[in-house]
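Colleague: Pasting the sequence and the predicted coordinates here, then a few questions.
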Amino acid sequence: MLTACNSGTPPTELAEGQEPYLRYCASCHGNQGEGKPPAFPPLAGSEWMELPSEALALIVLYGLRGEIEVAGRTYRGYMPPMQHLSDEDIAALLGFTERTWAQREAGLVAADIARLRTAFAERRPPLEGRDGLMQALDELP
């Protein structure tokens, strides 16, 4: 006899880094990276996933606000800084997103996230759109 706790189907195995992605990112960007227009852009099919790993990490660490264009659509959302996440969780969820939607191997490990975290330790407001992100990327030591 099957019970509510045992449906008879084996649990779905999560890919490396998928658990922190589902925990911290999927509520806005969707379980499959599809986004939730008009506020939250997709990761799947996004040209933003072609940015360097460091740029993606800066978005997670410092947030992003302002108008951006993703896959031909304009978004006016707000991504809060996620500095409360551990370096390990950020590296893992970025690795998952890069493998899944950028078709490349993870570019950063926890030590890289720690270095990026200290690069702008005093930064409070989120990055301003793509221009602000690119400026921050250029300022990296």
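Modeller: Now that the structure is in, tell me what you want to look at. Here the structure is a predicted model, which is why all the values come from computation and not from measurement. Numbering: from 1, shown residues only.

Colleague: ranges for the helices of the protein?
Modeller: 18-24, 26-29, 53-62, 87-101, 110-119, 129-139 (DSSP state H).

Colleague: Now render those as CSV, adding mean pLDDT and mean neighbour count.
Modeller: The C-beta positions use only the backbone N, C-alpha and C, and glycine is treated the same way. Listed next are these as CSV, based on pLDDT from 0 to 100; neighbours: other C-beta atoms under 10 Å:
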stretch, mean pLDDT, mean neighbour count
helix 18-24, 97, 17
helix 26-29, 96, 16
helix 53-62, 96, 21
helix 87-101, 98, 21
helix 110-119, 95, 16
helix 129-139, 93, 14
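
Colleague: Which pLDDT does the model give residue 7?
Modeller: Listed pLDDT for residue 7 reads 43.

Colleague: rewinding a little: to residue 77, which of the helices of the chain lies closest?
Modeller: Nearest to residue 77 among these is helix 26-29 (7.9 Å), distances taken as C-beta to C-beta.

Colleague: can you tell which of the helices of the chain is closest to residue 42?
Modeller: Using C-beta to C-beta, those put helix 26-29 closest to residue 42, at 6.9 Å.

Colleague: circling back: ok, which of the helices of the chain comes nearest residue 45?
Modeller: Closest approach to residue 45 among the helices of the chain is made by helix 87-101 (7.6 Å; C-beta to C-beta).

Colleague: Between the helices of the chain, which one is closest to residue 74.
Modeller: For residue 74, the closest of those is helix 129-139, at 11.1 Å, according to C-beta to C-beta.

Colleague: That closest one versus helix 110-119: what angle between them?
Modeller: Orientation check (axes from the mean of the first three to the mean of the last three C-alpha atoms, to 10 degrees): helix 129-139 against helix 110-119 gives 100 degrees.

Colleague: one step back: output the helices of the chain in JSON lines, with distance to residue 76 appended to each entry.
Modeller: Listed next are the helices of the chain as JSON lines, based on distance: least, C-beta to C-beta, whole Å:
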{"stretch": "helix 18-24", "distance to residue 76": "22"}
{"stretch": "helix 26-29", "distance to residue 76": "14"}
{"stretch": "helix 53-62", "distance to residue 76": "16"}
{"stretch": "helix 87-101", "distance to residue 76": "22"}
{"stretch": "helix 110-119", "distance to residue 76": "26"}
{"stretch": "helix 129-139", "distance to residue 76": "10"}
